[in-house]
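Asker: Mind folding the following:
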Amino acid sequence: MHKKIVAILPCNGVGRVVSTITRESAYKIHALRPETTILISSPDLIADNPETLLNAKKYPLIVIDGCKPRCGSNIVKAKGIKPVLEIYAPLVCADKKISIAGET
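Answerer: Numbering: from 1, shown residues only. Reported below is the predicted structural model:
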């Protein structure tokens, strides 16, 4: 049986707790499902790394954005890739009543 693989692109921001939350979430998902997930790196996409581009286009892609510019979503769209799901972490935190305002 062929395993369905899903690609995950977390926010790559630095210096904001929400960016760290997105990366840790992606790492945790991958640790729980290593055979059915792959992690995509936004710097590799920007640099047109052939393997990263192939994987981002080949597999259903979930983008987890951490901050207002939504860099992950914008990067994949600039590369002509349509994610199957875009998650904006601040909205998830607000929905779950998790305060991240002013955190570093």
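
Asker: Okay, and the beta partners of Asp65?
Answerer: In this entry, Asp65 is beta-bridged to Tyr88, by DSSP bridges.

Asker: what about it, how many neighbours?
Answerer: Per other CB atoms under 10 Å, the neighbour tally for Asp65 reads 24. Backbone N, C-alpha and C define where each C-beta goes, glycine included.

Asker: and it, what is it in contact with?
Answerer: Asp65 is in contact with Cys11, Thr22, Cys71, Gly72, Ser73, Glu86, Ile87, Tyr88, Ala89, counting by CB atoms under 8 Å, 6 or more residues apart in numbering.

Asker: can you tell me which two in the residues you listed are farthest apart?
Answerer: In terms of CB to CB, those reach their longest pairwise distance at Cys71 and Ile87, which sit 13.6 Å apart.

Asker: if we look at the helix or strand bottoming out on mean pLDDT in the chain, which residues are touching it?
Answerer: Evaluated with mean pLDDT, DSSP states H and E, the helix-and-strand set of the chain has its lowest mean pLDDT in helix 89-95, which scores a mean of 88. Contacting residues not belonging to helix 89-95 are listed as Cys11, Val18, Ile21, Thr22, Ser25, Ile64, Asp65, Gly66, Cys67, Lys68, Ser99, Ile100 [CB under 8 Å, 6+ apart].
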